[in-house]
Every structure is written in structure tokens, then in C-alpha cells.
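Asks: Structure here, sequence nowhere to be found:
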């Protein structure tokens with residue numbers, strides 16, 4: 001594989017969150033897997049055409065489940081170059097995180113405290129930690145910072161760029177349920193009532209000229225585009241991998257298409273995000 005990351009570490013140190021980040025970056029992922037499944041997972045990923053993979057190993061191993069060190073050795077013998085990311089945290093942080101989630105620690109034994117379970121896990125994982133390529137202490141790390149560090153360390157700059165998906169829609173067909181931001185532009189005159197424009201769309205020059213002649217069109221853009229310039233970079237800093245912006249008019253053919261395209265072009269010029277545009281209801 002082009003990149004194969006083995007994610008391991010202490011329970012509560014952020015392995016599941018790390019795997020979510022790798023998934024957002026386009027990696028083939030398998031979370032909480034017995035080490036014995038490492039090689040089959042790589043083979044399946046390659047058969048599916050995936051060149052980047054991340055595998056989080058279950059800390060409760062042994063017997064038929066396999067051994068993490070042996071699984072890493074087997075991958076290396078097969079010609080792979082696994083990179084081991086070990087996530088750690090101080091005891092106080094781990095205890096606080098487990099207290100908040102109320103989950104049972106995998107090394108917990110009847111009559112023992114959480115501190116003893118953490119100590120037992122540290123001892124069990126010491127051999128894997130010693131051979132890790134990267135060790136991170138997540139005690140003071142936010143989820144956004146963890147994702148940013150994963151992106152910086154394991155992912156190319158293109159894959160780390162925030163995706164902004166802009167969709168034009170018609171309110172009579174329903175608001176996109178997965179939208180993060182929704183703008184209603186039905187306050188503008190509807191080109192559908194102009195006979196020469198009815199069969200055209202917001203992609204066409206005459207429709208653009210009609211809307212640009214309306215002062216409220218530019219007044220709307222003068223307010224919305226700076227808002228997007230403010231929000232989009234901050235969504236990226238927070239760790240979001242995609243933002244979906246919906247802009248709607250009555251039928252989704254004229255006003256929303258024209259203004260959605262203006263948003264896409266603006267964001268492509270003023271931010272580092274990858275902005276795409278889709279006219280969802282154009283052919284209805």
C-alpha cells in the first residue's frame with residue numbers, strides 16, 4: 001500500500017477519533033480489529049483499489065486473536081511498510097474520559113480500580129509502544145488538533161483541504177437534509193415569470209443579466225460572501241472535512257443556480273477549500 005498506518009495505544013487516548021479522521025481523509029479503515037485480521041484487511045483493501053489504509057488494533061489480544069507485534073512483522077515480511085501510531089495520555093486524563101463515558105475499561109477486573117486497569121494496559125502495550133514510529137500524548141489535544149496532526153503527518157496537502165459542497169435546490173422539492181447552512185433567495189424576483197427566461201437556467205447569460213440588474217442581488221452577495229469567508233476557514237480549523245451549503249429558490253433552476261455558482265467561484269478564489277457546485281433540481 002502507498003500508506004498503511006497501524007493505530008494503537010491506550011484505551012481512552014483517542015484511537016476511535018483518530019480512525020474517524022483517517023476515514024475522512026479517504027483511508028480504508030478497520031477499527032478495533034484483532035491483529036490476526038491485519039493481513040486479510042490489507043489484501044481486501046488492495047483488491048478494492050485502496051492505496052491508503054488505517055488499522056486500529058484491539059488491545060485485548062492473544063491466542064487465536066493474534067499478537068500486534070507479530071502482525072506488524074508479518075506485514076513487513078509481505079512487503080508492506082506499516083507505520084505505527086501510538087496514542088498515549090496521562091492517567092488523570094484517561095480516568096476523566098472513562099468517568100465521562102461510563103464505559104468499562106477492557107483491562108478492568110472485578111475488585112480492581114480504573115487506575116489499576118490503566119496500569120495493566122500500559123504494561124501489556126509496552127512492547128508495541130517501544131516499536132512505534134510516532135507516539136502522541138493526547139492529554140491536552142482537542143479533536144480538531146488530533147485530526148490536523150494526522151493530516152499533517154500522514155496525509156498529502158490535497159486530501160487535507162476542506163470540501164465545500166454547494167447545492168442549489170427548489171423549495172417545492174424539499175430542503176436538503178444534510179445541509180449545514182441554508183439560504184433562501186426567494187426574496188428576489190423570479191425569472192420564471194419572464195417568458196424569455198422561463199426555459200433558461202441560472203447558467204445562462206440572460207438570466208445572469210436579469211438578476212444582476214436587480215440591486216438586491218448584489219446586496220445579498222455583499223453580505224453572504226464575507227460571511228462565508230469568515231466561516232469556511234473556521235470550519236476547517238475545527239476539524240470538519242466537508243461543509244454542505246444549500247441555496248434555494250422556488251424551483252431550483254434560476255436564482256439559486258446563479259447565486260450558488262457565484263458562491264462556488266468566490267470560495268475557489270478566496271479560500272483554500274475545494275468548492276463544488278450541484279444544481280440538484282435543474283432537470284425536474
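Replies: Good, I have the coordinates. Because the structure is a prediction, the values reported are computed rather than measured.

Asks: CA atoms for contacts and neighbours, from now on please.
Replies: OK.

Asks: can you list contacts of the helix or strand that contains residue 231?
Replies: Using DSSP states H and E, residue 231 maps to helix 215-238. Identification of contacts with helix 215-238 by C-alpha atoms under 8 Å, 6 or more residues apart in numbering yields 144, 161-162, 188, 211-212, 243, 263, 266-267, 270-271, 273.

Asks: so can I have CSV of those showing secondary structure?
Replies: Shown next, in CSV, are the contacts of helix 215-238 (DSSP: H, G, I helix; E, B strand; the rest coil):
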residue, secondary structure
144, helix
161, coil
162, coil
188, coil
211, helix
212, helix
243, strand
263, helix
266, helix
267, helix
270, helix
271, coil
273, coil
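
Asks: Not counting stretch 262-277 itself, show me its contacts.
Replies: So stretch 262-277 is contacted by 161-168, 225, 228-229, 232-233, 260-261 (C-alpha under 8 Å, 6+ apart).

Asks: which of those are buried?
Replies: Buried by 16 or more other C-alpha atoms under 10 Å: 161-168, 225, 228, 232, 260-261, out of the contacts of stretch 262-277.

Asks: residue ranges of the helices in the stretch 1-150 of the chain, please?
Replies: 15-24, 38-47, 68-77, 91-101, 114-130, 143-154 (DSSP state H, counting those that start in this stretch).

Asks: Out of those helices, which is the most enclosed?
Replies: helix 15-24 (a mean of 20; mean count of other C-alpha atoms under 10 Å).

Asks: got the angle between that helix and helix 143-154?
Replies: Per axes from the mean of the first three to the mean of the last three C-alpha atoms, to 10 degrees, the angle that helix 15-24 makes with helix 143-154 is 60 degrees.

Asks: Check the buried ones among the contacts of stretch 262-277 against residue 278 and report the nearest one.
Replies: Of all those, residue 167 has the smallest distance to residue 278: 4.8 Å, by C-alpha to C-alpha.

Asks: residue farthest from the centroid of the protein?
Replies: residue 195 (44.5 Å; C-alpha atoms, centre = their mean).

Asks: Help me confirm that that residue is found in a strand?
Replies: No - going by three-state DSSP, the assignment for residue 195 is coil, not a strand.

Asks: ok, residue 247 to residue 278 distance?
Replies: Computed as C-alpha to C-alpha, to the nearest Å, the residue 247 to residue 278 distance reads 10 Å.

Asks: list the residues that contact both of these two?
Replies: The overlap between the contact sets of residue 247 and residue 278 (C-alpha under 8 Å, 6+ apart) consists of 166-168.

Asks: Show me the shaky parts of the stretch 1-150 of the chain.
Replies: 59-63, 101-102, 110-112 (pLDDT under 70).

Asks: now the end-to-end length of stretch 154-166.
Replies: End-to-end distance of stretch 154-166: 28 Å, with C-alpha to C-alpha as the criterion.

Asks: again with stretch 40-54
Replies: By C-alpha to C-alpha, the extent of stretch 40-54 from end to end equals 13 Å.

Asks: go on, stretch 138-147?
Replies: End-to-end span of stretch 138-147 (C-alpha to C-alpha): 11 Å.

Asks: any residues touching that stretch, and which ones?
Replies: Residues contacting stretch 138-147 (C-alpha under 8 Å, 6+ apart): 13-14, 17-18, 21, 87-90, 93, 237-240.

Asks: one more time with 6 Å, if that's ok
Replies: 21, 89, 93, 238-239 (C-alpha atoms under 6 Å, 6 or more residues apart in numbering).
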